[in-house]
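Student: Structure of the sequence below:
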Amino acid sequence: MGGISITDTHMSSPDTPHTARVKGEGWEVSWLPGRTLDRNQAITAMTIASIVGGKGVPRADDPIWMHFDCWAAELSLTAPSAVVRACEPPLPHGPDTPQADTAGPFGSSRLCAHANRDGKGAHWLLPGQTCQEAETGLRPEAGR
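Tutor: Now for the predicted structure:
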């Protein structure tokens, strides 16, 4: 894990495409569009995104879920909801652009879940894209 870079106006991590930025009187995190957070909540949100982005979704018996529970509660979310949202790619346009509303809450990408028990192998598909593994019949695409 690469950690989180924090400045007075921006937060980012090499482990996730998600970012946080100062907006008005607070912070906005890309995986929580439309919500205004305080600085500590933004750090918490980036911590969740950084861990999920760096290690993938942990197994159900991983002790990290105890931490996710506490961190998500700080954001008024459940741990599973926070992890799912942090796994989604950022919106293709900023929340201030009109095009963002037409793309749905997480853009048009969908998760192709060719994951093993450790969560490795899951990947994102762009609109109209099909999974090569599903086409070759190696493993069925989730939801198909």
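
Student: Restrict the helix or strand residue 20 falls within to CA atoms and write it as CSV.
Tutor: Using DSSP states H and E, residue 20 sits in strand 16-23. C-alpha atoms of strand 16-23 as CSV (Å, rounded to 0.1, in the frame of the first residue of the first chain):
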residue,chain,number,x,y,z
THR,A,16,-7.1,4.0,-5.7
PRO,A,17,-8.4,6.2,-8.4
HIS,A,18,-10.5,8.0,-5.8
THR,A,19,-9.6,11.4,-4.5
ALA,A,20,-10.8,14.0,-2.0
ARG,A,21,-10.8,17.7,-2.6
VAL,A,22,-11.8,20.8,-0.7
LYS,A,23,-15.2,22.0,-1.8
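
Student: so what strands line up beside that strand?
Tutor: Counting by DSSP bridges, the strands paired with strand 16-23 are strand 10-13 (antiparallel), strand 26-29 (antiparallel).

Student: Now render the ones you listed as CSV, adding distance to residue 91 and mean pLDDT.
Tutor: Placement of C-beta: from N, CA and C, glycine included. Below are the strands paired with strand 16-23 laid out as CSV (distance: least, Cβ to Cβ, whole Å; pLDDT from 0 to 100):
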stretch, distance to residue 91, mean pLDDT
strand 10-13, 16, 94
strand 26-29, 11, 96
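
Student: Tell me which of the ones you listed sits nearest to residue 73.
Tutor: strand 26-29 (16.0 Å; Cβ to Cβ).

Student: which residues sit against the closest one?
Tutor: 11, 18-21, 34-39, 41-42, 45-46, 49, 95 (Cβ atoms under 8 Å, 6 or more residues apart in numbering).

Student: let's see 10 Å
Tutor: Contact with strand 26-29 is made by 9-11, 18-23, 34-46, 48-49, 75, 85-86, 90, 94-96, as judged by Cβ atoms under 10 Å, 6 or more residues apart in numbering.

Student: lowest confidence element among the helices and strands of this structure?
Tutor: Least confident helix or strand of the chain, by mean pLDDT, DSSP states H and E, is helix 99-102 with a mean of 41.

Student: max-length helix in this protein?
Tutor: helix 39-55 (DSSP state H).

Student: Lovely, talk soon.
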